[in-house]
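J.: Can you look at this prediction? I've put the sequence above it.
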Amino acid sequence: MLRRVRQSLRQVVILMARRPALLCGTLGLGVLLLLAVRFTCSRAKDVVAAARPPVRFFSAEAPVVDLYLGQLDQVERLRSLAEVSLVFFYAPWCAHSMAARQEVQQVAKKLAKQVQFLAVNCWWSHGKCRKQNRFYQYPVIHLFYRRFGPIEYKGPFVAPYVERFVLRVITPLTYLPSRATLDEFLSCHEPRVVGFFQFNASPQPAGYITYLSSALQALKRDFRGVVRFGVVTSKEVAEAISVKEDETVYLYRRFNSSLVFPRRDFNFTSEAICSWVFEHREIVLTWLQPPGTKSRLLERELTKGPALLLFLPHNPLGSEPDPVLQEVADIAVRYHSCAIGSRSSSDQGPSPRGQCCRSLVLPECAASVCEVCLSSTGPLARCPPAPSGSHLRRCCVPRGPPRCGGFVNSYGPLGRHSACCRAVEPQLGESRAGAEPDSGSPPPVTPASSGVAGLGCRTNRTLRFYVLDVALNWPLAVRLGAAANRSASLHRDATATGDGPFATIVNLKDEVHYVLRRRPAATLTESLEAFIRNFSAPYSLLQRHLVGEGDRSGGDGGTRRLLITELSTSSFLPAVMDLQKDVLLFYYTQWCGFCSVLNHVIIQLARLLQGNSTITVARVNVARNDLPWEFMVDHVPSILLFPKYRKHESVKFPDDLPITLPNLLHFILQHSGSVRHADKPAAGLGAGAGAGGVLRAEFVALQLEVQALSHARQRLSQQLAQLWRDNRRLTFDALSLEAQNAELRRERRSLEEQHREKSRQLGEAVGRLQELADTSESLLSENALLRVLLVALKDRTEAKEQAEEADRREAERRRSHWAS
């Protein structure tokens, strides 16, 4: 191996000695390569510019400590000095952080004496906040109450909501010193928790801190603080809610029995208390706050069943309860109060002297029983059998007072029979809601049954009540059917303007929703109760609300006829159901790729039929415009023709045919309403028109159709002529291109032959040069050998001459010696 390396090096050295120019070129290239690498590496450090040092995010006048270098250790130190601290984590480039900065400054100016406000730049790469925390969005607000925290704020970054959340953290408990304050505290519709702690032995009982921590835990789960926690220190006040033992947590409920925290079953910790409260609480109204981005919040709630969405003006900092919200809460409480519908109906007459009742199970009422009672004027010796009749089949029809499903009374000489429907389950089934209605007169409606009391327990279309702030969710309200011309800022004082809140019922299962249209003379309570009753009725009188885009009318006042009429929800029925016109309707959506491909075909068809005033080409975007169910299609793109005078005989374009211009023309001519005028209504012919008038009208219509067809034929002939000319021109161009292609192929073949010949000649030249190089190398080696031989001969000749010269000198010396 070493011998081969030595030989290689020797050959390289010999080659360099023979060609010094190659050695110089190699050294020059190496030096240039080293210089290029050095220059590139020296500039690589300056490709990415150093980040600019951060600056203050909050103004110097704001009472906020701005830690713009991300000093997380300073946060811990400052937080330990204050009882309540708010930490605002931000990114300087984030638009949401910039928008929330103004809101936080407003809150800080109000609560600077009670709360320590801190702002931390969590985007600075050299700061500890960026290294120790990983936030997936900005801004983030954390609140700390003494050692408890962090409590993350998950609400909207609006100053009133942030201030309310901070105030709830400052005062998580409400002190209840008397029975009046306790009654007022429990009278609200929101869930209420009361804790009883006696402050006698120590400044703070052992369980009080745990109870306080549970209130803060509730704020972690719900930033609105719907569940309120109160504390009672007087034993007399605690006896009002039947609480006698110290360190008792009491959960007040309206519809079911109130509960006491079971300390024997659960540990008395803040997490256990909070989980127990949220598990057993009763919710009448649920606040929704969509985040404004892609979220499944509404989907999760609407899939639970029909929902009543109320968009109300809401002031989070209001000291007094909102009267509008109180009205809605009272309606919701009465709607879910099942105890009202389960009371006895014994107050319908005087107490009888003798009464006998039997319970009958009817096949029409699978989940209810019909209780038939006989009230006699005298004592009953025995209970007679229950009467049979057609009125018993209507016993469980859900109508009449809420105390019974329905009353059917029959009088006899000795007494009175009464039938009352008693529900076995808390809800009525669909079969009962859709039972056969009473053919006779309905029973008298009492004032108690005219409202919604207990209605949620008598129907399987139970509503869930949701409340949204109209100022924050006005675009959603507009999408659901609110008047778009009303500004969201005006809803702060909606009750004063007379418009009132916006309410809608959304039934996601049936894909329908209804909008409340209030009468000017009706109050909000009356309108909502009538709205809820109409929805819960077996045969609802509510009409489905259709949401669509605004009409796109031109600026010329309608004098210029559009090529394709764009329809919306409001203009759909007037345009399609016009008896004097054939309407070709094209269903499309903005996300449908096939619809975009067919646009040029629809435009060509509209241009051909532009001169015909009896045919309208229209289209509708079904993704943005709701249509009645009878006019919907199962897929897009779809084309329907509504013939004139025969709108009920609409025809769909066959799915197995390609959508082309000839097929569309044939489809229109085959199914157009102008072909069959016999089905036209007589009112369209004029008063007093006879058979001659009918024939004249038919003749005129046929003439118009013939003229329209002749115009269409002329346009088609012109287009065909133009296409024929274009085809001939393209044919000539194709022939010329083919000739040029043949010429190019010949030139390519000649160039390939030349290339092969030159390659062959170049190969021969290379071979000859290689032979010359080998010969020159052999000659050089022989030349070197000859030089060596010449030098050796020269040395031998010089040595021989020197020896001869020495011998000659020696001989002369001897001769001279002999001569002497």
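T.: Alright, I've got the coordinates. Every value quoted in this text rests on a predicted model; they were computed, and no experiment measured them.
J.: Report the rounded mean pLDDT for stretch 650-668.
T.: If you average the pLDDT over stretch 650-668, you get 91.
J.: repeat for stretch 724-744
T.: Mean per-residue pLDDT for stretch 724-744: 92.
J.: what does stretch 298-310 give?
T.: Regarding stretch 298-310, the rounded mean pLDDT is 90.
J.: what sits up against it?
T.: Outside of stretch 298-310, the residues within contact range by Cβ atoms under 8 Å, 6 or more residues apart in numbering are 286, 288, 290, 328, 461-468, 480, 501-509, 532, 535. C-beta: built from backbone N, CA, C; applies to glycine.
J.: Check stretch 122-132 too.
T.: 51, 54, 67-73, 89-93, 120-121, 133, 135, 138, 140.
J.: Let me know whether my guess that Leu562 is in a helix holds.
T.: No - in this structure, Leu562 is coil, not part of a helix, as judged by DSSP: H, G, I helix; E, B strand; the rest coil.
J.: Spell out the secondary structure type for Gly230.
T.: On the three-state scheme (three-state DSSP), Gly230 is labelled strand.
J.: Distance from stretch 597-607 to the middle of the chain?
T.: Its chain's C-alpha centre lies 34 Å from the corresponding centre of stretch 597-607 when counted by Cα atoms, centre = their mean, to the nearest Å.
J.: So Ser527 sits against Arg519, correct?
T.: Yes - here Ser527 reaches Arg519: they are 6.9 Å apart, a contact under Cβ atoms under 8 Å.
J.: Mind listing the shared neighbours of these two?
T.: By Cβ under 8 Å, 6+ apart, Ser527 and Arg519 have no common neighbours.
J.: circling back to that earlier point, which members of the contacts of stretch 122-132 occur in strands, if any?
T.: Restricting the contacts of stretch 122-132 to those inside strands, with DSSP state E as the criterion, leaves 67, 89-90, 120-121, 140.
J.: Which one (most neighbours) among these?
T.: The most neighbours of any of these, using other Cβ atoms under 10 Å, belong to Val120, which has 28 neighbours.
J.: That one and Gln754: what is the separation?
T.: Using Cβ to Cβ, to the nearest Å, we find Val120 at a distance of 76 Å from Gln754.
J.: Equivalent analysis for Ser717, please.
T.: 55 Å.
J.: just Lys154 next, same as before
T.: As judged by Cβ to Cβ, Lys154 and Gln754 stand 79 Å apart.
J.: more neighbours, the two?
T.: Just comparing Lys154 and Gln754: by other Cβ under 10 Å the higher neighbour count belongs to Lys154, 15 against 10.
J.: Run a quick neighbour tally on the residue nearest to that one when sequence neighbours are not counted.
T.: Using Cβ to Cβ, 6 or more residues apart in numbering and skipping residues adjacent in sequence, the residue nearest Lys154 is Phe223, 5.0 Å away. Residues near Phe223, counting by other Cβ under 10 Å, number 21.
J.: Quick check: Phe223 touching Pro156?
T.: No - Phe223 sits out of contact with Pro156 when judged by Cβ under 8 Å, with a separation of 9.4 Å.
J.: Model confidence at Val766, what's the number?
T.: Predicted confidence (pLDDT) at Val766: the value is 90.
J.: Give me the distance between the one helix or strand it maps to and the centre of its chain.
T.: Val766 is located in helix 691-819, with elements delineated by DSSP states H and E. Relative to its parent chain, helix 691-819 has a centroid offset of 62 Å by Cα atoms, centre = their mean.
J.: I would like a ChimeraX command selecting only the buried ones among the contacts of stretch 298-310, please.
T.: To isolate the buried ones among the contacts of stretch 298-310 in ChimeraX, judged by 16 or more other Cβ atoms under 10 Å, type:
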select :328,461,462,463,464,465,466,467,468,480,501,502,503,504,505,506,507,508,532,535
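J.: distance of the closest residue to Asn507 other than its chain neighbours from Trp93?
T.: By the measure of Cβ to Cβ, 6+ apart, the closest residue to Asn507 outside its immediate chain neighbours is Pro306, 4.6 Å from it. From Pro306 across to Trp93, the span is 44 Å (Cβ to Cβ).
J.: Could you do Thr462 as well?
T.: 48 Å.
J.: Please apply the same query to Cys338.
T.: 55 Å.
J.: So for the two, which residue has more residues nearby?
T.: Comparing Cys338 with Trp93 by neighbour count (other Cβ under 10 Å), the higher total belongs to Cys338, at 19 against 9.
J.: Please verify my assumption that that one contacts Gly456.
T.: Yes - checked against Cβ under 8 Å, the pair Cys338 and Gly456 is within contact range at 7.3 Å.
J.: With that, I have no additional questions.
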